[in-house]
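Engineer: need a 3D model of the following:
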Amino acid sequence: MPFFDGAKLKKKPLVEGVTIRPMWGDKVMMVIVDIADGAVVPTHDHPHEQTGTVLRGRMELTIGSEKRVVSQGEFYVIPGGVKHAARPVGGPCQALDIFAPPREEYKADVVKLPGQKQ
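Structural biologist: Modelled structure (predicted):
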């Protein structure tokens, strides 16, 4: 299927206060990430290269040893295997993350970050 309606994509909880809406092809995956005010995407890493942009709001993004507040229209690149974390700043935020290759665990009905307890 070449077309997706973001409003109709199934929301999947990632961690408390964070939901994702993934869509994917053979070699790339796009994920709309909604982070509620006060929620945190915990420090984690994965072998996938990840790029992204903030669609709404602002978030503090830590990539390796660097930390920065990223706002709407700014972009980021996270190499595979590099630890990273995120949290919203000043209210909820929404980002679009792009992964290559697609994250198989994000295709499941219940998504768990690597190292997260079942």
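Engineer: contacting residues around Gly17?
Structural biologist: Residues in contact with Gly17, defined by C-beta atoms under 8 Å, 6 or more residues apart in numbering, are Ile35, Ala36, Gly38, Ala39, Val40. For glycine as for every other residue, the C-beta is placed from the backbone atoms N, C-alpha and C.
Engineer: what's near enough to touch the closest residue to Glu16 other than its chain neighbours?
Structural biologist: Closest residue to Glu16 apart from its sequence neighbours, by C-beta to C-beta, 6 or more residues apart in numbering: Ala39 at 6.3 Å. By C-beta under 8 Å, 6+ apart, the contact set of Ala39 is Val15, Glu16, Gly17, Val18, Arg87, Pro88.
Engineer: drop anything exposed from those residues.
Structural biologist: Neighbour counting by 16 or more other C-beta atoms under 10 Å classes Val15, Gly17, Val18, Arg87, Pro88 among the contacts of Ala39 as buried.
Engineer: pretty sure the last one sits against Ala36.
Structural biologist: Yep, that's Pro88 we're talking about. Yes. In terms of C-beta atoms under 8 Å, Pro88 counts as a neighbour of Ala36; the distance is 7.3 Å.
Engineer: brilliant, that's me finished.
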